[in-house]
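Asker: Could you work out the structure for the sequence below:
(chains A, B, C and D)
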2 protein chains.
Amino acid sequence: MTQLQRRKIPDAAIARLPIYLQILNNLAATNVLRFSSDELAALAGVNAAKVRKDLSYLGSYGTRGVGYEVTYLTHQIKRELGLMREWNVVVVGAGNLGCALAKFDGFLSRGFPVVAIVDNDPKKIGRTTSSLTVGDVNDLKNIVRDEKISIGVITTSSAASQAAADSLVEAGITSILNFAPVVLSTPSSVSVRNVDLGVELQILSYFEQMRLETGSKSVNAPQLNTAGAR
Amino acid sequence: MTQLQRRKIPDAAIARLPIYLQILNNLAATNVLRFSSDELAALAGVNAAKVRKDLSYLGSYGTRGVGYEVTYLTHQIKRELGLMREWNVVVVGAGNLGCALAKFDGFLSRGFPVVAIVDNDPKKIGRTTSSLTVGDVNDLKNIVRDEKISIGVITTSSAASQAAADSLVEAGITSILNFAPVVLSTPSSVSVRNVDLGVELQILSYFEQMRLETGSKSVNAPQLNTAGAR
DNA sequence: TTGACTTAGTGAATTAATGCACTAAGCCCT
DNA sequence: AGGGCTTAGTGCATTAATTCACTAAGTCAA
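Answerer: Down below sits the predicted model:
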């Protein structure tokens, strides 16, 4: 959780920028040109002061008395998040989830084309899924170099996930999105984000349980935190 | 972000309990009987004081000088998270992702069996995927009642996601896991957690970008926060 | 041009989360 | 039985995040 130069943007704010961006895309799609912090706050479900503070980390891009321009602010957020370019993705693990993600629109449409998928199972290597042929995880180093891949997505079994991470690190990848319910061990120079569906459900279950115990109502799950390994 | 009675456990701690639980399962699988807060902290990649504090919210279940018992603590965490029972799940949206999740081991194995999958597309309704027949989203109310469903998972397109959420709420569901990159509007009595893969990638891209700008090293993504709508 | 109104930007207070460092307990060895 | 060792539990200082409430700038109408 450290940076060197450039404005230091709080982690919590960085995690919200993609959400603002997505809302701005919707606004643009409906031909909205301007918006106020109040409006964006309502759409994002957060406090207006938080919106203004978050956006102020990017610079002073609003106009007092008026608001923010959709296209201009979109540009600024994308610049800050490094979204002025595409980042190629490799999926490690060609199971159900891996193949579904390889086909998943959401990746490409947000600027993260899945350009390769690999597995360690000889039975899967060579198969084709959504215009990609499953490669051998042992070739990862070459694939990453040849395809100019920046991000690795791990969709292997839990048992295989650490080996997958090791292969990615070995191949020079420094950003990993991990779907396996495992706390990966990686060099501190590698960014790892975990998406553990079980964790999400268990958090929901906590609040569901609470509802039953307290006789419903007034119990509400926070939206924040997919919580804290590493 | 509110509760009524019972120990109030900080949100950040609740989000970590499932991770501890998963590690305890691994320990049990390797016949480990006891562990110290230091050991769990190392496995979870967090501070040991944080582990002790988190566990202390459950009660005083450790033994000084000794540590915690794996089975006993597992039981306590499960009790707290409401995992002493199963919670039935319905998937709304029988696309690639929805079908992959319906087959996904991780749900059942963590106590969240997917007992139904529905869609609004007549072409998909009636198809069979992994022993489930795709139902009609309009029958959701009956399905939820008959199958005793507690949790809804939205894997529709962005465009259809709000309608899906409305259907779930209408059917009496109070816990929603949303994969669509949309900030859903729901009554405050409903818990929503968002898993937006695009957001995750964009956060990674921020740090990847930072590495390029600062000449690599010493930049590290935080693990926390899948960030804050609602 | 002036004055009413809107809204971004931000200092400062508040609240939440973290992590240090100490205290309290229990084990084990002699 | 006692002393040393280990480790849970926790008060307190620190840090991070949030929110309030004010200030600074701009628009617009008359």
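Asker: going forward, measure contacts between C-alpha atoms and count neighbours the same way
Answerer: OK.
Asker: Least confident secondary structure element in chain A?
Answerer: Least confident helix or strand, chain A: helix A:105-109 with a mean of 89, by mean pLDDT, DSSP states H and E.
Asker: Low-confidence ranges, chain A, go.
Answerer: A:1-7, A:216-230 (pLDDT under 70).
Asker: which residues in it form helices?
Answerer: A:11-29, A:37-44, A:48-56, A:70-81, A:96-103, A:105-109, A:140-146, A:158-170, A:197-214 (DSSP state H).
Asker: Need the ones you listed in TSV (columns: distance to DNA strand C).
Answerer: Output for the helices of chain A, formatted as TSV (distance: least, C-alpha to the nearest atom of the strand, whole Å):
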stretch	distance to DNA strand C
helix A:11-29	11
helix A:37-44	4
helix A:48-56	4
helix A:70-81	10
helix A:96-103	29
helix A:105-109	28
helix A:140-146	33
helix A:158-170	24
helix A:197-214	14
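Asker: would a markdown table of these with mean neighbour count and distance to DNA strand D be doable?
Answerer: Below are the helices of chain A laid out as a markdown table (neighbours: other C-alpha atoms under 10 Å in any protein chain shown; distance: least, C-alpha to the nearest atom of the strand, whole Å):
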| stretch | mean neighbour count | distance to DNA strand D |
| --- | --- | --- |
| helix A:11-29 | 19 | 4 |
| helix A:37-44 | 18 | 10 |
| helix A:48-56 | 17 | 4 |
| helix A:70-81 | 18 | 16 |
| helix A:96-103 | 22 | 29 |
| helix A:105-109 | 16 | 25 |
| helix A:140-146 | 17 | 32 |
| helix A:158-170 | 19 | 26 |
| helix A:197-214 | 21 | 18 |
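Asker: Run the chain-centre distance for stretch A:93-102.
Answerer: 17 Å (C-alpha atoms, centre = their mean, to the nearest Å).
Asker: Would it count as contacting chain B?
Answerer: Yes: Stretch A:93-102 comes into contact with chain B (C-alpha under 8 Å from any C-alpha of the partner chain), by way of A:Asn96, A:Leu97, A:Ala100, A:Leu101.
Asker: now, which of those sits nearest B:Pro10?
Answerer: A:Leu97 (32.1 Å; C-alpha to C-alpha).
Asker: residues in contact with that closest one?
Answerer: Listed by C-alpha atoms under 8 Å, 6 or more residues apart in numbering or on different chains, the contact partners of A:Leu97 are A:Thr155, B:Leu97, B:Ala100, B:Leu101, B:Phe104.
Asker: Closest one to B:Ile176 out of these, please.
Answerer: Nearest to B:Ile176 among those, with distances taken as C-alpha to C-alpha, is B:Leu101, at 14.5 Å.
Asker: Could I get the contacting residues of A:Leu55?
Answerer: Counting by C-alpha under 8 Å, 6+ apart, A:Leu55 has contacts A:Tyr61.
Asker: mind running it again at 10 Å?
Answerer: Shown in contact with A:Leu55 (C-alpha atoms under 10 Å, 6 or more residues apart in numbering or on different chains): A:9, A:13, A:16-17, A:20, A:37, A:49, A:61-62, A:68, A:73, A:76-77.
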